[in-house]
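> Sharing a model prediction with you, sequence too.
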Amino acid sequence: MTDTTTATGLLALHETMSVIRRTEKAAHDLFMSGLVKGTTHLAAGHEAVAVGARAALRDGDYAFATYRGHHHAIAWGATPEECLAELMQRSTGLNKAKGGSMHLTKAESGMLGSYAIVGAHLPMAVGAAWSARLRGTEQVAVAFFGDGATNIGAFHEALNLAAVWRLPVLFVCENNFYMEYTPIGAVTAAEHPAAGRAQSYGLPAEVVDGNDVVAVRDAVARAAVRARAGDGPTVLEAHTYRHYGHSRTDPGKYRPDGELERWLERDPLTVSAHRLREAGTSGDDIAAAEHRAAAVVERAVANARAAPEADLSEAFTDVWADGGAAWRT
Amino acid sequence: MADVTTSQDVVTYRDSVAEGIAREMRRDPAVVCLGEDIGAAGGVFKTTVGLFEEFGPERVWDTPISEQAIVGAAMGAAMTGMRPVAEIMFSDFLACCWDYLANEIPKVRYMTGGQVTVPLVIRTANGGGLGFGAQHSQAVENWVLTVPGLKIAAPSTPADVVGLLASAIRSDDPVVFFEHKGLLASKGAPAPDGHVVPFGEAAVLREGDDVTLVALASTVPLALTAAERLAADDSVAAEVLDLRTLIPLDVAAVLRSVERTSRLVVVEENPYQGGWGGTIVSVVADEGFELLDAPVKRVAGANVPLPFADALEDQVIPTVDKVVDAVRSLTKY
Ligand SMILES: Cc1ncc(C[n+]2csc(CCOP(=O)(O)OP(=O)(O)O)c2C)c(N)n1
Ligand SMILES: [Mg+2]
């Protein structure tokens, strides 16, 4: 794995974030033109959380994400083409066109799914961490979730169980300050919806700048060291902001004037570009990385568009482990 | 209930649960158990007695009262190489973790295009007849039947408990395993070594040519007793089928039997509204219409919450009398 503490390593993270950003833009445009159906929850603005976390972890570590999970799928190795093909209902889709935007999964690299019932995947991540411990591996499991998820029971059950069993699991909240259309502060008394709850479960917590890939990487690295050492879970609350609305065509009218613009000044790509220049990376090298990212996504869109539609026989596969769907004799 | 105890009936249904789990834990180190009070306490129903002593705290885990975390963690562990056996104390409590049974466990393989496998078992004490009232007595196997993607087992004998547990734990698919509270103290022949009962194979427990009684778990002994009474009092020969699993559902066995008997009575403890008998009957109506000489009957739980008093509970759950009456109502055809 590239050493992400070097300028070259950081440039690789910047490039991955740029790939995600462009994939989200493509998903948005394809949705608007009717080529992506159903729904999307875009993660533009959240890139640093996924890419920073992945950079701090090892191959084989597990990730569980939400319906807003394109960035995690890509950070965990899914290609933009597989993702966009899935959104466009192509047979080449990441989930064979049986999942869609909300369920992107790249199991072969440990990204064990995107789940659309708020909070449901936190206990799963606890279980994956329990399994790692039972099997005697040094794997850790990470659950990524929104600020809104901190008010559902599964969040609290997961934190308590992980704490009492001292499991190698990281709870990473992507606090974008909204649950759908409602500000999180309007429905949560705790100032920090995730980090503020950790203490009551006996867990350490950290609030981090979720738009700074280096800050996220370092916080996740610290938590992973604790987890692998047998010191149990950590709650991280990464502050970030989504650039698009909640889903589909939501224009985000409920956001106060100027809020998006203020956050755009701290766009994760702007922050990492700034860090790169400080580390001595030339503007040309940064531009070249962004060009490569743009080319990858352009090719992905073209290939996904050209790919065959979902294979009809797939409607009746993959229910059972034998591949089939038989329910009776 | 029929007094059909013989000298070989030496083990209880209750002990067979622990025996069935222990056999699988001995042969596969990936099998681990979790649930409330299942460790040193041996389970609220004493169905896990001895497991903690034999396998220790790294294989048998006591949990907090967190049904979502129990089943969700089992799912995460199953996706990553373990074969967890999770206990939900009373099946009524499945409602507290229903998201995992309705939305997560049965869907994840399909919606990821087959990328993950979820080899887990959720065991739970099901059913009424013990006066536990409306929130601790329900037969809820029909809840699970509403969700494609879950296998369902509900044994009626100690040997089937062991044999179906073997299949359930070895299955790469998720299984909900219903242990009937009313049968826990019942006795039967012990399961032979290596006993495995495959899913989707109904057992013909009594042969007869006049009527087919289809039963599951607690209604199996009811149907057998009713069959004896019908033979003695009415000279009616009832065939009794124990489905043993609801998914896969052995409707072929039902159709084979109805082909000979031409009459069908389904005996199910879950409520008539939405009960599993409706699925059996619809397949028979569709594929076996010409085999029938009489209307089909369902003796099922009544469409009311379960009352506490024994006499009231008897009013609303299947009884031998109700089965006998249902069969008699068909003899005029
Ligand atoms: C259990 C459940 N309740 C409600 C919803 C509908 N819903 C989907 S996303 C969402 C908001 C979640 O907000 P947050 O956790 O902050 O995540 P974000 O969308 O901001 O990433 C809601 C209420 C759901 N999917 N699941
Ligand atoms: Mg949010």
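Here it is on my side, so go on. In this text the structure is predicted, and so the values were computed from the model without any measurement. Ligands and ions are numbered 1, 2, ... in the order given.
> Got phi/psi on the spatially closest residue to A:Pro308 that is not a sequence neighbour?
Distances taken as CB to CB, 6 or more residues apart in numbering or on different chains put A:Ser91 closest to A:Pro308, at 4.9 Å, once the chain neighbours are dropped. In short, each C-beta sits where N, CA and C put it, glycine included. As for A:Ser91, its main-chain torsions (degrees, to the nearest 10) stand at phi -70, psi -20.
> which ones are touching A:Ser91?
Going by CB atoms under 8 Å, 6 or more residues apart in numbering or on different chains, A:Ser91 touches A:Ala85, A:Ala97, A:Ala307, A:Pro308, A:Glu309, A:Ala310, A:Asp311, A:Glu314.
> Show me which of the residues you listed has the smallest pLDDT value.
Least confident of the contacts of A:Ser91 in the model: A:Asp311, at 93.
> ranges for the helices of the stretch 51-200 of chain A?
A:70-75, A:80-87, A:121-135, A:153-164, A:195-198 (DSSP state H, counting those that start in this stretch).
> residues contacting the residue of the stretch 201-333 of chain B found nearest chain A?
Relative to chain A, the nearest point of the stretch 201-333 of chain B is B:Ala252 (3.9 Å; CB to the nearest CB). Residues in contact with B:Ala252 (CB under 8 Å, 6+ apart) are A:Arg328, A:Thr329.
> partner strands of the helix or strand harbouring B:Glu268, parallel or antiparallel?
Counting by DSSP states H and E, the element that carries B:Glu268 is strand B:264-271. Counting by DSSP bridges, the strands paired with strand B:264-271 are strand B:211-215 (parallel), strand B:297-301 (parallel).
> how far is that strand from where the chain is centred?
Its chain's C-alpha centre and that of strand B:264-271 lie 13 Å apart, by CA atoms, centre = their mean, to the nearest Å.
> ditto for stretch A:205-213
Taking CA atoms, centre = their mean, one finds stretch A:205-213 lying 14 Å from the centre of the chain it belongs to.
> what mean pLDDT does that stretch have?
Stretch A:205-213 comes out at a mean pLDDT of 98.
> Next, see if that stretch gets close to ligand 1.
No - shown here: stretch A:205-213 not in contact with ligand 1 (CB under 6 Å from any ligand atom), separated by at least 11.6 Å.
> That stretch and ligand 2, are they touching?
No - using CB under 5 Å from the ion, no contact is recorded between stretch A:205-213 and ligand 2, whose separation bottoms out at 11.3 Å.
> For A:Leu264, give its distance to chain B.
34 Å (CB to the nearest CB, to the nearest Å).
> just to revisit the earlier point, can you point out the helix or strand that includes the residue of the stretch 201-333 of chain B closest to chain A?
helix B:251-261.
> got it, and A:Ile20?
Applying DSSP H and E, one finds A:Ile20 within helix A:7-32.
> angle of that helix against helix A:80-87?
20 degrees (axes from the mean of the first three to the mean of the last three CA atoms, to 10 degrees).
> closest one to ligand 1 among the helices of the stretch 51-200 of chain A?
For those, proximity to ligand 1 was assessed by CB to the nearest ligand atom; helix A:153-164 is nearest, at 8.6 Å.
> and that closest one, what does it pack onto?
helix A:121-135, strand A:169-175, helix A:195-198, helix B:67-78 (3 or more CB pairs under 8 Å, 6 or more residues apart in numbering or on different chains; DSSP states H and E).
> give me that answer again for 7 Å
Counting contacts by 3 or more CB pairs under 7 Å, 6 or more residues apart in numbering or on different chains; DSSP states H and E, helix A:153-164 packs against helix A:121-135, helix B:67-78.
> Contacts only, for the residue most central in space within chain B.
What sits nearest the mean C-alpha location of chain B, by CA atoms, centre = their mean, is B:Ala154, with 1.5 Å. By CB atoms under 7 Å, 6 or more residues apart in numbering or on different chains, the residues touching B:Ala154 are B:Glu141, B:Phe178, B:His180, B:Leu216, B:Ala217, B:Leu246.
> so can I have a markdown table of the helices and strands packed on helix A:153-164 showing mean pLDDT and distance to B:Ser167?
Output for these, formatted as a markdown table (pLDDT from 0 to 100; distance: least, CB to CB, whole Å):
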| stretch | mean pLDDT | distance to B:Ser167 |
| --- | --- | --- |
| helix A:121-135 | 99 | 22 |
| helix B:67-78 | 99 | 16 |
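> Let me have those in CSV, extended by distance to A:Gly258 and mean neighbour count.
Output for the helices and strands packed on helix A:153-164, formatted as CSV (distance: least, CB to CB, whole Å; neighbours: other CB atoms under 10 Å in any protein chain shown):
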stretch, distance to A:Gly258, mean neighbour count
helix A:121-135, 34, 29
helix B:67-78, 40, 29
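> Just tell me which of these ends up closest to ligand 2.
helix A:121-135 (14.8 Å; CB to the ion).
> How about residues contacting the closest one?
Helix A:121-135 is contacted from outside by A:62, A:64, A:112-113, A:115, A:139-143, A:145, A:154-155, A:157-158, A:161-162, A:165, A:167-169, A:171, B:32, B:58, B:68-69, B:72-77, B:79-82, using CB under 7 Å, 6+ apart.
> Buried subset of those residues as a PyMOL selection?
Filtering the contacts of helix A:121-135 down to the buried ones (16 or more other CB atoms under 10 Å in any protein chain shown) takes a single PyMOL command:
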select buried, (chain A and resi 62+64+112+113+115+139+140+141+142+143+145+154+155+157+158+161+162+165+167+168+169+171) or (chain B and resi 32+68+69+72+73+74+75+76+77+79+80+82)
